[in-house]
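Trainee: Provide a 3D model corresponding to the input given below.
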Amino acid sequence: MEVFPYNTVQADTPGVVKPNHAGVIFFLGFIGLLTCFPGGIAAWVLASYELKQIRQGKMSRHGESLIKVGRILGISGLVLSAALLVVSYKMAGSLFKGLPESFQSEPLAADKMKFVGEWKGDAGTLITIYANGTGDYRATGKSITGGRVIFTEDTLRIGLFGIYKTWGIEAAPHLSGDEWTMTLDNEAFRRKVEGLIVKASLEEPSSVACVVRIAVRRSRHPTSKAA
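Mentor: Next comes the predicted model:
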């Protein structure tokens, strides 16, 4: 007599009904609802297969309702996963929408070139602004290096990755005696080392024409001035 393995006899012998895996399917569906993809997919596929086997009379009907619940849980986990992915994608898009801009800087406009230079505030704040539109900022416990400089009508901002330090411009850079000064948020700043000093041309006040004077301070010579 030919002998078959136990499982093969169950599967192929008419009248023999195999046990189902209702408990396993319910567990996978529940895990899938909590962890999304892996358990949900396994519960859905296995439940669909065993329900088909039950309808064909090849598998025990005991625990059929538990199998159906497990399949529902698995499908619910997949739907929830898809919804979370969509929401996460939209939130990430909103969060990082302005991120590329934080890496880009634009040269300062002609009327903002007077801000170029290294400035020291009465409270110890150090601000350095470059003509290429970048800047540095250092204060107690805070610092930004190579940040993007943004001007609005009455504010100055320096920052990176969408995080900026903002000052209100109360007095734009101007000559006060022999020094260039400005006032930001009630703090007076003086230019430490003169770089580019830009003044609007009196002959063409309505244009963006500027007169650029480069002053270089040397330790052994007074500041040189060029008309």
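Trainee: Skip the chain neighbours and tell me the closest residue to residue 129.
Mentor: Spatial nearest neighbour of residue 129, excluding adjacent residues (CB to CB, 6 or more residues apart in numbering): residue 135 at 4.5 Å. Just so you know, the C-beta spots here come from the backbone N, C-alpha and C atoms, and that holds for glycine as well.
Trainee: looking at it, that neighbour is touching residue 118, isn't it?
Mentor: No: using CB atoms under 8 Å, residue 135 is not in contact with residue 118, being 10.1 Å away.
Trainee: where do the contact lists of these two overlap?
Mentor: Here residue 135 and residue 118 have 127-128 as joint contacts, going by CB atoms under 8 Å, 6 or more residues apart in numbering.
Trainee: Please say which of the two ends up with more neighbours.
Mentor: residue 135 (26 against 17; other CB atoms under 10 Å).
Trainee: Next one: residue 122 relative to residue 187, how far apart?
Mentor: As judged by CB to CB, to the nearest Å, residue 122 and residue 187 stand 6 Å apart.
Trainee: neighbour-wise, which of these two wins?
Mentor: More crowded of residue 122 and residue 187, by other CB under 10 Å: residue 187, with 17 against 11.
Trainee: what's the longest strand seen in the chain packed up against?
Mentor: Longest strand in the chain, counting residues (DSSP state E): strand 163-176. Applying 3 or more CB pairs under 8 Å, 6 or more residues apart in numbering; DSSP states H and E, one finds that strand 163-176 contacts strand 142-151, strand 155-160, strand 179-184.
Trainee: Tell me the spacing between the residue nearest to residue 129 and residue 124.
Mentor: In terms of CB to CB, residue 135 sits 17 Å off from residue 124.
Trainee: And for residue 168, the neighbour number?
Mentor: Using other CB under 10 Å, residue 168 has 12 other residues around it.
Trainee: I'd assumed residue 151 was in contact with it.
Mentor: No: Residue 168 is not in contact with residue 151 according to CB under 8 Å; the separation is 11.9 Å.
Trainee: quick one, phi/psi of the residue nearest to residue 129?
Mentor: Residue 135 adopts backbone torsions of phi -160, psi 160, taken as degrees, to the nearest 10.
Trainee: again with residue 52
Mentor: Torsion angles, degrees, to the nearest 10, at residue 52: phi -70, psi -40.
Trainee: Tell me how many other residues crowd it.
Mentor: Residue 52: 11 neighbours (other CB under 10 Å).
Trainee: Distance check, it against residue 63.
Mentor: From residue 52 across to residue 63, the span is 15 Å (CB to CB).
Trainee: residues touching the residue nearest to residue 129, list them.
Mentor: Residue 135 neighbours (CB under 8 Å, 6+ apart): 127-129, 144, 147-149, 158.
Trainee: if you set the cut-off to 6 Å instead, what comes out?
Mentor: 128-129, 147, 149, 158 (CB atoms under 6 Å, 6 or more residues apart in numbering).
Trainee: Please apply the same query to residue 29.
Mentor: Counting by CB under 6 Å, 6+ apart, residue 29 makes contact with 43, 70, 73-74.
Trainee: repeat that with 7 Å
Mentor: 39-40, 43, 69-71, 73-74 (CB atoms under 7 Å, 6 or more residues apart in numbering).
Trainee: So which of those sit within helices?
Mentor: 39-40, 43, 69-71, 73-74 (DSSP state H).
Trainee: Can you tell me which of the residues you listed is nearest residue 112?
Mentor: residue 40 (56.4 Å; CB to CB).
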